[in-house]
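Visitor: below is the sequence, then the predicted model.
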Amino acid sequence: MIATHIYYLKAMGIDSWVRRDLITQETPITEPVHIPPPPQPVVTTPIIEPVRIPIPQPPLPVVETPIIEPVHIPQPPQPVVITPSWESLQHQVVTCTACELHKTRIQTVLGVGNQNADLMVIGEAPGADEDVQGEPFVGRSGKLLNAMLYAIDLKRESIYIANVLKCRPPGNRNPQLPELVCCQTFLDIQIQLIKPKLIVAVGGIAAHHLLATNTGIGKLRGQLLAYKNIPLIATYHPSFLLRRPSEKRHAWLDLQLIRHTLNEIS
Ligand code: URA
């Protein structure tokens, strides 16, 4: 009820109202009613912070620092460099330890004969007798070789005799490829020094090595071939002829070809 009065009074511009019968001298005049305005909402300007939108970054690649191991480049075996002289060749052969054969040899067997010969006979490797005496073809097969040469008017001393290997393989086993490779330089220098007009390879091992072929000696023999442009004739090894004397007739044909070739080129 009071609120309705206040409402109408306010509408009429009357701020305070007191009932007349209640006004006395003592009665303090009521202070105008102060109607507080409704609280205004506080409008504060928001401080707009810059919005930081995280830009997705691509993940950085993990770069692992490689542990650099020292690179080991295997070096090919160095070729034996020898000044082509008989002294240095002899020294290199005597002191050679390039393959396993140096461990079992008694001594090296370089070669024997005329260092200016037209004919160079090349066999396989020293055997037991050659290992002891230090000279090629001194055993049984050497005696047969001498006789074969004699049959075509050649003396042992007039020609040069060597082997593809300069050391004896233990038990007279066949030479192995690394051994042949190690000795190759020695043989080539020997050939360089002698400058033969004809090479005779005796036996399959020597023929296969010099001609770089596996063709059987039975097919290689009896014809004029070549090693580094030097005429070459292959024939049976004397030790084979000792076991198979029936093959001597083929060896005799080879000897005649050797004689004929020497006559032609000398
Ligand atoms: N056989 C070879 O081939 N050479 C020799 O010196 C002795 C036997």
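Guide: Nice, I can see it. Numbers count the residues shown, from 1 in each chain.

Visitor: for the stretch 151-266 of the chain, what lies in contact range of the ligand?
Guide: Within the stretch 151-266 of the chain, the residues that sit near the ligand (Cβ under 6 Å from any ligand atom) are N163, G203. Where you see a C-beta, it was placed from the backbone N, CA and C, and this is true even at glycine.

Visitor: can you map out the helices along the stretch 151-266 of the chain?
Guide: Secondary structure of the stretch 151-266 of the chain (DSSP state H, counting those that start in this stretch): helices at 177-194, 204-211, 217-220, 238-243, 248-265.

Visitor: what comes into contact with the shortest one?
Guide: When contacts are defined by Cβ atoms under 8 Å, 6 or more residues apart in numbering, helix 217-220 is touched by residues G203, G204, A207, L211, T213, A234, T235, Y236, H237.

Visitor: ok, now which ones touch the closest residue to P231 other than its chain neighbours?
Guide: In space, and not counting its chain neighbours, P231 is closest to L198: 5.1 Å by Cβ to Cβ, 6 or more residues apart in numbering. Contacts for L198 (Cβ under 8 Å, 6+ apart) come out as D118, L119, M120, I230, P231, L232, I233, I258, T261, L262, I265.

Visitor: how many other residues sit next to Q92?
Guide: 20 (other Cβ atoms under 10 Å).

Visitor: over to it. Which of the three states is it?
Guide: Under the three-state scheme (DSSP: H, G, I helix; E, B strand; the rest coil), Q92 adopts helix.

Visitor: can you tell me how far it sits from S85?
Guide: Distance, Q92 to S85, by Cβ to Cβ, to the nearest Å: 10 Å.

Visitor: over to R244?
Guide: Computed as Cβ to Cβ, the R244 to S85 distance reads 41 Å.

Visitor: now do I159
Guide: In this view, I159 and S85 are 21 Å apart by Cβ to Cβ.

Visitor: more neighbours: these two, which one.
Guide: Remark: of I159 and S85, I159 carries more neighbours, 21 against 11, as counted by other Cβ under 10 Å.

Visitor: so which bits of stretch 145-162 are buried?
Guide: L145, N146, M148, L149, I152, L154, R156, I159, Y160, I161, A162 (16 or more other Cβ atoms under 10 Å).

Visitor: using PDB, write out every CA atom in that stretch.
Guide: In PDB, the C-alpha atoms belonging to stretch 145-162 read as follows (Å, rounded to 0.1, in the frame of the first residue of the first chain):
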ATOM      1  CA  LEU A 145     114.700 -82.600 -71.200                       C
ATOM      2  CA  ASN A 146     118.400 -82.500 -71.900                       C
ATOM      3  CA  ALA A 147     118.000 -85.600 -74.200                       C
ATOM      4  CA  MET A 148     115.100 -84.000 -76.000                       C
ATOM      5  CA  LEU A 149     117.100 -80.800 -76.600                       C
ATOM      6  CA  TYR A 150     120.100 -82.800 -77.800                       C
ATOM      7  CA  ALA A 151     117.800 -84.600 -80.300                       C
ATOM      8  CA  ILE A 152     117.400 -81.200 -82.100                       C
ATOM      9  CA  ASP A 153     121.000 -80.100 -81.700                       C
ATOM     10  CA  LEU A 154     120.500 -77.900 -78.700                       C
ATOM     11  CA  LYS A 155     122.700 -78.000 -75.700                       C
ATOM     12  CA  ARG A 156     121.300 -77.200 -72.300                       C
ATOM     13  CA  GLU A 157     123.900 -74.400 -71.900                       C
ATOM     14  CA  SER A 158     122.900 -72.700 -75.100                       C
ATOM     15  CA  ILE A 159     119.300 -72.100 -74.100                       C
ATOM     16  CA  TYR A 160     117.700 -70.500 -71.000                       C
ATOM     17  CA  ILE A 161     115.600 -72.700 -68.700                       C
ATOM     18  CA  ALA A 162     113.200 -71.400 -66.000                       C
END
